[in-house]
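Colleague: sharing a model prediction with you, sequence too.
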Amino acid sequence: MNASGEELAPEVRSILDAARGRSGGENRVAVDPQSFPDAVDAAAADGRVPVVAEVKPTSPTTDGERDGDPVELAEGMVAGGATALSVLTEPDFFGGSTARLERIRAAVDVPVLRKDFVVREAQLDAVAADLVLLIARFLDAEDTDSLADLHDAAIGRGFQPLVEVHTRAELERALDVGAGIIGINNRDLAKLEVDLGTFERLASDVPDDVTLVAESGIATEANVRRMREAGADALLIGTAIMNGDVQTNTERLTTATDVRPADRRADTTTESTTR
Ligand SMILES: O=C(O)c1ccccc1NCC(=O)[C@H](O)[C@H](O)COP(=O)(O)O
């Protein structure tokens, strides 16, 4: 059972058990981050779909592990037009590492998200990054810190927290803590099923001053347009970029015929839809 009161898929329960047992860093990190909202705005102004490309060596829903130097993969993604990178640091189920994130962040000039299952403040100190993922579903639960405390602790260190939600209740919690960057995950971590309708159902409840990211299951140009039409400021894409040539894949998705993100508020009378 998790904070949302749901049974989790066994793989996700194992991921969480491992995360709870993981120690943090020795020293408090202090980050001077590259602004993610500014990078999103710059990409859109440049005519690129703002894509956060994910360096995801493997996952519980992937067969085998991607080979190749992670720094070269990351550089290929940036050459393909990625606005930011997401780098898995979870070692046991996603093949990630903090050392790899450090190498990638030193090699690229775009904001880098630390993708992990952070549940306690000390774990923020494992490595510096421009953004850090906080998954609402896994916080405010037994043996974890609260979303509010972790959000404050991340900001106190200079991170830009990306608060991930999957349900309306989680979205309300994210808005209650004042999250400025929110990701709606189309992957249900209770069942590991992906449904792009999740983003479409929740996006209109997200205020326009929040940078909103659509996560998971985005594979085609049509998927890109669908998420942008529903109001996504940026798209987080892993599998579809990691399968094959990462630069070509990133290019295909960042140059998909774009639509400006829809005005997410159905009742608004403002014309502009760019952020
Ligand atoms: O991707 C998985 O298999 C997975 C399994 C269990 C928990 C989390 C998982 N993924 C985390 C993610 O959020 C995705 O890596 C990310 O959104 C990219 O998704 P995709 O483009 O579908 O690879």
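Modeller: Yep, it's here.
Colleague: which non-adjacent residue is nearest the residue of the stretch 151-275 of the chain found nearest the ligand?
Modeller: Residue nearest to the ligand within the stretch 151-275 of the chain: residue 238 (2.9 Å; C-beta to the nearest ligand atom). Quick note: C-beta positions are derived from backbone N, CA and C, even for glycine. Leaving aside its sequence neighbours, residue 238 sits nearest to residue 54 (C-beta to C-beta, 6 or more residues apart in numbering; 3.5 Å).
Colleague: ok, residue 122 next?
Modeller: residue 24 (2.8 Å).
Colleague: wait, that neighbour touches residue 118, no?
Modeller: No: under the criterion of C-beta atoms under 8 Å, residue 24 makes no contact with residue 118, lying 9.1 Å away.
Colleague: who has more neighbours out of those two?
Modeller: Using other C-beta atoms under 10 Å, the more surrounded residue of residue 24 and residue 118 is residue 118, with 29 against 15.
Colleague: can you give me the pLDDT of residue 68?
Modeller: Reported pLDDT at residue 68 in the predicted model: 87.
Colleague: which element is the residue nearest to residue 122 on?
Modeller: Per DSSP states H and E: residue 24 is located in neither a helix nor a strand.
Colleague: next, the contact list for it, please.
Modeller: Residues in contact with residue 24 (C-beta atoms under 8 Å, 6 or more residues apart in numbering) are 120, 121, 122, 123, 124, 125, 126.
Colleague: ranking by neighbours, what's the top pick from those?
Modeller: residue 124 (27 neighbours).
Colleague: what about the residue lying closest to residue 193 once chain neighbours are set aside, neighbour count?
Modeller: Ranked by C-beta to C-beta, 6+ apart and with sequence neighbours excluded, the top spatial neighbour of residue 193 is residue 187, at 7.3 Å. Neighbourhood size, residue 187 [other C-beta under 10 Å]: 19.
Colleague: number the residues from 57 up from this point.
Modeller: New numbering, starting at 57: the last item is residue 243.
Colleague: before we move on, back to that, between residue 80 and residue 174, which contacts overlap?
Modeller: residue 180.
Colleague: wait, residue 86 sits on residue 213?
Modeller: Yes: using C-beta under 8 Å, residue 86 is in contact with residue 213, at 6.1 Å.
Colleague: neighbour count winner among the two?
Modeller: A count of neighbours by other C-beta under 10 Å puts residue 213 above the other of residue 86 and residue 213, at 18 against 11.
Colleague: residue 64 should be in a strand, yeah?
Modeller: No: under the criterion used here (DSSP: H, G, I helix; E, B strand; the rest coil), residue 64 is coil, not part of a strand.
Colleague: what about residue 240, which SS state?
Modeller: Residue 240 - assigned by three-state DSSP - is strand.
Colleague: quick check: which element contains the residue nearest to residue 191 when sequence neighbours are not counted?
Modeller: Of all residues not flanking residue 191 in the chain, residue 220 sits nearest, at 4.7 Å (C-beta to C-beta, 6+ apart). Secondary structure assigned from DSSP H and E places residue 220 in strand 216-221.
Colleague: with that, I have no additional questions.
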